[in-house]
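Participant: give me the fold of what follows.
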Amino acid sequence: MPLSGFIARNHPVLYEMPVGDALGSVTRQIRNGWSLREFRAQQELTGQMTELIQNMHWNNGEVLIQIGANDGEFDDPLRPILKDSFIPAILVEPIDVAFNALQNLYHDHPHINPVHTAIARNSRTVSLQVPVIEGRELRTSVWTCKNEIQALREVRRNLGRRCLANTIIKHMDVPALSATELLKNCGVEPSDVQVIVCDTEGQDIDIIKSFLDAGSLPSLIYYEHLHTNSEEGNNMSDQLKHVGYSITKTRKDILAQFNS
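Facilitator: So this is what the prediction gives:
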């Protein structure tokens, strides 16, 4: 089988990426000590998530919400879906340089609504630490975290130790909305949230809880648990199971499907 066919069959998310991003994704996980089994499990779970979204029937008013959309392209599993579909989507991004790129990317997609804010359960602002390398501000913004040590660790994990010498951490206090406020501002009923995809370097659980507080029980929730402690992560999984979700988990992410 040709290499391209092998990748398309076994790693569909990689197959959709530009070559540079795909190679970068593999290199990052190898650098971070992932086994090939863990890497393949992650790719399979992401592929399962995107396939479920593509096969959904979307009723009038129903939406997909992505929190931490960044520029909408780099390492974004939703890009292959959103660029060619008419799925109504709200894409949330708090960092200026990333939001501007996101807005430009989807300027001719009227069914996609980029929103410039953070999401928090009980706060009007969120304090973020943004790693900045001159000339690479957009790329490094994807590793924005809540504390400086984690932000530097993400730069080292993804770009290598040598890049730390050129990295500064910029502190930003960004405005935040609760999920209830976001949905109200966008004219969306909590029951019309079909999908939530969340990747916020450790803030994911607080955000998912905010949507549950709002009364949303999406058909699918996909979020990163890599940067949460095990007790907090287990409590979140238990809460989702209690309200009717089945959980599939990899080292990095969780896919929760509502059992209607």
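Participant: please report phi then psi for Asn229.
Facilitator: Note on Asn229: backbone dihedrals following degrees, to the nearest 10 are phi -70, psi 160.
Participant: repeat for Ser35
Facilitator: Torsion angles, degrees, to the nearest 10, at Ser35: phi -80, psi 160.
Participant: so what's it up against?
Facilitator: For Ser35, the contact set (C-beta atoms under 8 Å, 6 or more residues apart in numbering) is empty. Any C-beta I mention is one placed from the backbone N, CA and C, and that applies to glycine too.
Participant: list the contacts of Arg251.
Facilitator: 34, 38, 41-42, 226.
Participant: take those residues and write them to JSON lines, including distance to Arg251.
Facilitator: What follows is the contacts of Arg251, written out as JSON lines (distance: C-beta to C-beta, whole Å):
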{"residue": "Trp34", "distance to Arg251": "7"}
{"residue": "Glu38", "distance to Arg251": "5"}
{"residue": "Ala41", "distance to Arg251": "8"}
{"residue": "Gln42", "distance to Arg251": "7"}
{"residue": "Leu226", "distance to Arg251": "7"}
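Participant: of those, buried ones?
Facilitator: 34, 41-42 (16 or more other C-beta atoms under 10 Å).
Participant: which elements pack onto the lengthiest helix in the chain?
Facilitator: Among the segments of the chain that qualify as a helix by DSSP state H, the longest is helix 36-54. Judged by 3 or more C-beta pairs under 8 Å, 6 or more residues apart in numbering; DSSP states H and E, the packing partners of helix 36-54 are helix 12-16, helix 19-31, helix 79-82, strand 220-224, strand 253-258.
Participant: what about it, distance to the chain center?
Facilitator: 14 Å (C-alpha atoms, centre = their mean, to the nearest Å).
Participant: got the angle between that helix and strand 220-224?
Facilitator: If you take axes from the mean of the first three to the mean of the last three C-alpha atoms, to 10 degrees, helix 36-54 sits at 140 degrees to strand 220-224.
Participant: go through helix 36-54 and flag the buried ones.
Facilitator: So helix 36-54, judged by 16+ other C-beta under 10 Å, has buried residues 39, 41-50, 53.
Participant: just the helices in the stretch 101-250 of the chain please.
Facilitator: Counting by DSSP state H, counting those that start in this stretch, one finds helices in the stretch 101-250 of the chain at the ranges 137-140, 148-159, 179-186, 204-214, 230-242.
Participant: out of those helices, deepest packed?
Facilitator: Ranked by mean neighbour count, the helices of the stretch 101-250 of the chain are led by helix 204-214 with a mean of 22 (mean count of other C-beta atoms under 10 Å).
Participant: return the list of helices and strands in contact with that one.
Facilitator: strand 63-67, helix 179-186, strand 193-198, strand 220-224, helix 230-242.
Participant: wait, which of the helices of the stretch 101-250 of the chain is closest to Ile87?
Facilitator: helix 179-186 (14.8 Å; C-beta to C-beta).
Participant: next, the distance between the ends of stretch 62-75.
Facilitator: 25 Å (C-alpha to C-alpha, to the nearest Å).
Participant: also stretch 239-252?
Facilitator: First-to-last residue span, stretch 239-252, C-alpha to C-alpha: 19 Å.
Participant: so for it, mean pLDDT?
Facilitator: For stretch 239-252, mean pLDDT is 96.
Participant: for stretch 47-56, same thing?
Facilitator: 96.
Participant: contact partners for the nearest residue to Thr117 once chain neighbours are set aside?
Facilitator: Computed as C-beta to C-beta, 6 or more residues apart in numbering, the closest residue to Thr117 that is not its neighbour in sequence is Leu177, at 5.1 Å. The contact partners of Leu177, by C-beta under 8 Å, 6+ apart, come to 117-120, 185.
Participant: and Lys209, by the same measure?
Facilitator: 121, 236, 239.
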